[in-house]
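K.L.:
Turn this into a model:
(chains A, B, C and D)
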Protein chains: 2
Amino acid sequence: MSSTIDPNHMLPRYYQLVTILREKIDAGEWQPHEAIPSERQMEALYGVSRTTVRQAVGLLIRQGLIYQLHGKGTYVSPRKLQKGLVELTSFSEDMQQRGLKPGQRILELAVVDAPEKVRQHLELPPEVTTVTMLERVRTGDGQPIGLQTSYLNLPPGAELTRAELQERGSLYAILQEKHHINLVAADETLEVTVATPREALLLEVPAGSPLLLSERVLWTNERQAIEFVKILYRGDRYRYAVRLTR
Amino acid sequence: MSSTIDPNHMLPRYYQLVTILREKIDAGEWQPHEAIPSERQMEALYGVSRTTVRQAVGLLIRQGLIYQLHGKGTYVSPRKLQKGLVELTSFSEDMQQRGLKPGQRILELAVVDAPEKVRQHLELPPEVTTVTMLERVRTGDGQPIGLQTSYLNLPPGAELTRAELQERGSLYAILQEKHHINLVAADETLEVTVATPREALLLEVPAGSPLLLSERVLWTNERQAIEFVKILYRGDRYRYAVRLTR
DNA sequence: TAGTGGTCTAGACCACCCT
DNA sequence: GGGTGGTCTAGACCACTAA
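P.N.:
Predicted coordinates:
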């Protein structure tokens, strides 16, 4: 709960300023549509250069917390625009944000020949013929929400075990912490489909029920496609939210 | 098709540099995962400061065209990550990007009492009791794609006529050019539903067919909610695409 | 005219990667 | 050690808004 900037801190100064400003906004110290101090005032207030102020301000603008009007000032966004609807999240994070306890039932974990559709999405080179396939029923507060099928192009030597998955829950946490793979972006498509008998059974809905189908390609910080994941969501229990900007 | 920066040009230098770099990437002058000149090299190449180079580079990174690795360099993203999947677009722009000719059939255009749900989404003040309601069947290459219902909180005096809409096609173009309202962000949710008899008739599908329901709140550059839009898309003719980032 | 954000410069030092 | 991106400074001028 600091409100000054420490030049010797581990974190960069612009990021310390981001934290200070976000805390004030979250605490309601400035109301929506109210002007916050100008860039030159913050320069003096926090003892940093205007460039550094603008770096912090730019980040908060991209996160939707504040906005600027040329010649007028910098203002707090209305609360609806403050919620980060746009970020790349795992299923587990997604459920937690919705206030549901994430859970899973692992149906299958195996190394398989890559289907053609998966080859294309992951842009597999010819010498790679197999991928790791993981099928899970995902739950929120114990209720089935989605049927998830992942195809992973893991680096040689990297392996995935049921035990790890059971323990950690989140696949992304394992990739990040154990294999040092950073996921930074994803391309996702959404469409409508209806449940096959098998899907209906697993999701506990009548066969033919409408489902939301998400297909996602995940990219590492080096922009290699590493995972292609399909999630079939129950139409009655899931709503997808995004923020779009110009 | 310039490849130098003109200091006296109308456009800012960083933006001229963005254009130059984008043209080279689009032309395939640099291949995916190939390094482009370093920031200090571009400083010399284009006669601008490193700050300006970084401003251009940052914009292209946020658009997904390039990425940077600390201590290594700046690289071209693979093509799949170059397509802008994330931007706020109107239905007309959306159809054009998909290579379909956008069309519409106006069902209703009227000033109505604002329903409670609309009041909440638009955050209407108590003194505002009415909104402009516009219902249209949207088509792609003449085929029905979606049933769109818009609720607009227009500024006093601003009016919308069928003639304008028929002529311009795009509501956003009218708001922008005639009323100088800039739409800069939107919050959108997507879910699955099934067609009522009326919806089925208008969309030319059997009653009970699965549909994709989009609900969108549009924000101006001053972060006022100005439009609440519902679009019911035919499940068999529409797929939604987004790019997510960390 | 004064204050705001938008653009731009010419430096500097640090952290990281590779040889 | 030399090159890369990441952070930061102390200025400057311009474009826009409002009184």
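
K.L.:
what helix or strand does A:Leu154 sit in?
P.N.:
Using DSSP states H and E, A:Leu154 sits in no helix or strand.

K.L.:
Surely it is in contact with A:Thr132?
P.N.:
Yes - A:Leu154 lies in contact with A:Thr132 (CB atoms under 8 Å); the separation is 5.5 Å. C-beta here means a position set from N, CA and C on the backbone, and glycine is covered the same way.

K.L.:
Would you map the helices across chain A?
P.N.:
Applying DSSP state H to chain A gives helices spanning A:13-26, A:39-46, A:50-62, A:91-97, A:116-122, A:162-168, A:171-177, A:197-203.

K.L.:
Tell me which of those approaches A:Arg79 most closely.
P.N.:
helix A:13-26 (9.7 Å; CB to CB).

K.L.:
Tell me how far A:Val111 lies from DNA strand D.
P.N.:
As defined by CB to the nearest atom of the strand, to the nearest Å, A:Val111 lies at a distance of 35 Å from DNA strand D.

K.L.:
Report pLDDT for the nearest residue to A:Ser90 once chain neighbours are set aside.
P.N.:
Closest residue in space to A:Ser90, ignoring its immediate chain neighbours: A:Tyr172 at 4.5 Å, by CB to CB, 6 or more residues apart in numbering or on different chains. On pLDDT, A:Tyr172 comes in at 85.

K.L.:
So what pairs up with A:Glu135 in the strands?
P.N.:
Beta-bridge partners recorded for A:Glu135 (DSSP bridges): A:Glu108, A:Thr149.

K.L.:
Pull up the per-residue confidence for it.
P.N.:
A:Glu135 is given a pLDDT of 97.

K.L.:
now swap in A:Met1 and tell me
P.N.:
A:Met1 is assigned a predicted lDDT (pLDDT) of 47.

K.L.:
which of the helices of chain A has the lowest average pLDDT?
P.N.:
Across these, the lowest-scoring stretch is helix A:171-177, with a mean of 84.

K.L.:
quick revisit: identify the contacts common to A:Leu154 and A:Thr132.
P.N.:
A:Leu160 (CB atoms under 8 Å, 6 or more residues apart in numbering or on different chains).

K.L.:
In contact with the closest residue to A:Thr130 other than its chain neighbours: list those residues for me.
P.N.:
Spatial nearest neighbour of A:Thr130, excluding adjacent residues (CB to CB, 6+ apart): A:Val111 at 5.2 Å. A:Val111 sits next to A:Thr130, A:Val131, A:Thr132, A:Met133 when contact means CB under 8 Å, 6+ apart.

K.L.:
Pull up the gap between A:Val111 and A:Arg237, please.
P.N.:
Distance, A:Val111 to A:Arg237, using CB to CB, to the nearest Å: 32 Å.

K.L.:
Repeat that for A:Leu65.
P.N.:
Going from A:Leu65 to A:Arg237 by CB to CB gives 30 Å.

K.L.:
next one: A:Asn8
P.N.:
From A:Asn8 across to A:Arg237, the span is 49 Å (CB to CB).

K.L.:
Which one's more surrounded, the two?
P.N.:
A:Arg237 (16 against 4; other CB atoms under 10 Å in any protein chain shown).

K.L.:
The more buried one touches A:Gln143, doesn't it?
P.N.:
Yes - A:Arg237 sits in contact with A:Gln143 when judged by CB under 8 Å, with a separation of 7.0 Å.

K.L.:
Quickly list what's touching both of these two.
P.N.:
By CB under 8 Å, 6+ apart, no residue touches both A:Arg237 and A:Gln143.

K.L.:
hmm, stretch A:172-191 touching DNA strand D?
P.N.:
No - using CB under 7 Å from any atom of the strand, stretch A:172-191 stays clear of DNA strand D, with a minimum separation of 11.8 Å.

K.L.:
And the contacts of that stretch?
P.N.:
Applying CB under 8 Å, 6+ apart, the contact partners of stretch A:172-191 are A:88, A:90, A:92, A:154-155, A:158, A:160, A:164-165, A:168, A:212-221, A:223, A:226-227, A:240, B:64, B:80-81, B:85, B:190, B:212, B:235, B:238-246.
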